[in-house]
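> sharing a model that was predicted from the sequence below.
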Amino acid sequence: MMTRIPVIDIGPFDGGEADRRRVARAVERACRDLGFLVVVGHGVPEELIEGGHAAARAFFDLDLETKRRYEPAPGTFLGYRGVGSEGLSYSRDEDTPVDLKESFTIGRVDTSDDPYFTSPEGRIWFQPNVWPAEVAALRELWPALYRALDGVAIRLMRIFATALELPLDFFDDKIDKSVSALRALNYPELTTRPLPGQLRAGAHTDYGSLTLVSMKDAPGGLEVHRGGDDWEAVSAPPSAFVVNIADLLEQWTNDVWRSSLHRVASPPAAAKATRRQSLVFFHQPNYDAEITPIPACCTPDRPPRYTRTTSGEHFLMKLTKAGTVTSS
């Protein structure tokens, strides 16, 4: 199936004004249409991406007992989660079979003794990362990968600001201490058929501002909802990132841009070599960043549809709703 999701080279955005506007217009169309695009020219070295994938695969290849040593402590969300550890899909209250995936997650890798990070509220969001002793490459490579993906996200937020006809740095002070997370998702080889309605990842939207995905392709992959019963398969060149708009940016733009449902399908019954892996960077603004509809996205025919919230309030509500952490 040929994808209709645009592939956009964001490299020229750093060039002259005409190139900057051209990139911003292409991104703006994609964000209005479906909230999904594929970006190239992002500047992340391919060897860093491949090294990040290899380290994740080595971890997932460990036996289950070893992996479970790195499960999150109560009230935290960093570390390993096994198949079936997440019940309802991220943001939908649907009673569906558990997702056929396992994950490993780290949070922000650069903090300091600034009270923003060390205060009681800060400690909710900036938790110590868990580094499996059995896979040294995770601790060696993933901090650099996290920083590189955070840099891509910052660059995209500047492209978004330009596309929305805002100052280039409009989002800068709202994402400079982001509570973003880097997650590896492993969709194991299936040895039995899924239950009716069971997917590798059920239909959901993401929480924050944007998501970056690097995919290792295999049968049964990422799909985005076009409406009705129409789900479109998402494909991307090996070194590209799939980008999707998430819930907070949809609220920021007063629903002008879309945070679309997406899922990871189960492979066909006859498919071979169905193990699949993704690296996913969930970009989440600073926990105290205020989110209200941008005035330029509001008109008499489209008055503000959301009341004020903060990135942290919204994120904690979503995590609690999904059962990822318990409310206190």
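Yep, that arrived.

> could you use CA atoms for every contact and neighbour count after this?
Will do.

> burial count for residue 191?
7 (other CA atoms under 10 Å).

> please apply the same query to residue 60.
Around residue 60 there are 24 residues (other CA under 10 Å).

> isn't it up against residue 185?
No: contact criterion CA atoms under 8 Å: residue 60 and residue 185 do not qualify, at 9.2 Å.

> which residues are common contacts for these two?
The contact sets of residue 60 and residue 185 do not overlap (CA atoms under 8 Å, 6 or more residues apart in numbering).

> what about residue 231, which SS state?
strand (DSSP: H, G, I helix; E, B strand; the rest coil).

> and for residue 320?
Strictly by three-state DSSP, residue 320 counts as helix.

> gap between it and residue 57?
Residue 320 sits at a distance of 29 Å from residue 57 (criterion: CA to CA, to the nearest Å).

> higher neighbour count, the two?
residue 57 (18 against 14).

> tell me the pLDDT at the more buried one?
pLDDT recorded at residue 57 is 97.

> helix, strand, or coil at it?
Under three-state DSSP, residue 57 comes out as helix.

> distance check, it against residue 251.
From residue 57 to residue 251 the distance is 35 Å (CA to CA).

> strands of the protein, residue ranges please.
Assigned by DSSP state E, the strands in the chain fall at 7-9, 36-40, 79-81, 102-106, 181-187, 201-204, 210-216, 222-227, 230-233, 241-245, 262-264, 276-283, 290-291, 309-310.

> turn the ones you listed into TSV, including distance to residue 69 and mean pLDDT.
What follows is the strands of the chain, written out as TSV (distance: least, CA to CA, whole Å; pLDDT from 0 to 100):
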stretch	distance to residue 69	mean pLDDT
strand 7-9	40	97
strand 36-40	36	97
strand 79-81	8	96
strand 102-106	12	97
strand 181-187	17	96
strand 201-204	24	86
strand 210-216	26	95
strand 222-227	29	90
strand 230-233	35	91
strand 241-245	31	97
strand 262-264	27	89
strand 276-283	21	96
strand 290-291	37	96
strand 309-310	33	96
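
> can you list the ones you listed in a markdown table and add distance to residue 29 and mean neighbour count?
As requested, these are exported to a markdown table (distance: least, CA to CA, whole Å; neighbours: other CA atoms under 10 Å):
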| stretch | distance to residue 29 | mean neighbour count |
| --- | --- | --- |
| strand 7-9 | 11 | 18 |
| strand 36-40 | 10 | 23 |
| strand 79-81 | 36 | 22 |
| strand 102-106 | 32 | 22 |
| strand 181-187 | 27 | 24 |
| strand 201-204 | 22 | 22 |
| strand 210-216 | 16 | 23 |
| strand 222-227 | 15 | 17 |
| strand 230-233 | 18 | 16 |
| strand 241-245 | 12 | 25 |
| strand 262-264 | 19 | 22 |
| strand 276-283 | 21 | 23 |
| strand 290-291 | 22 | 18 |
| strand 309-310 | 27 | 16 |
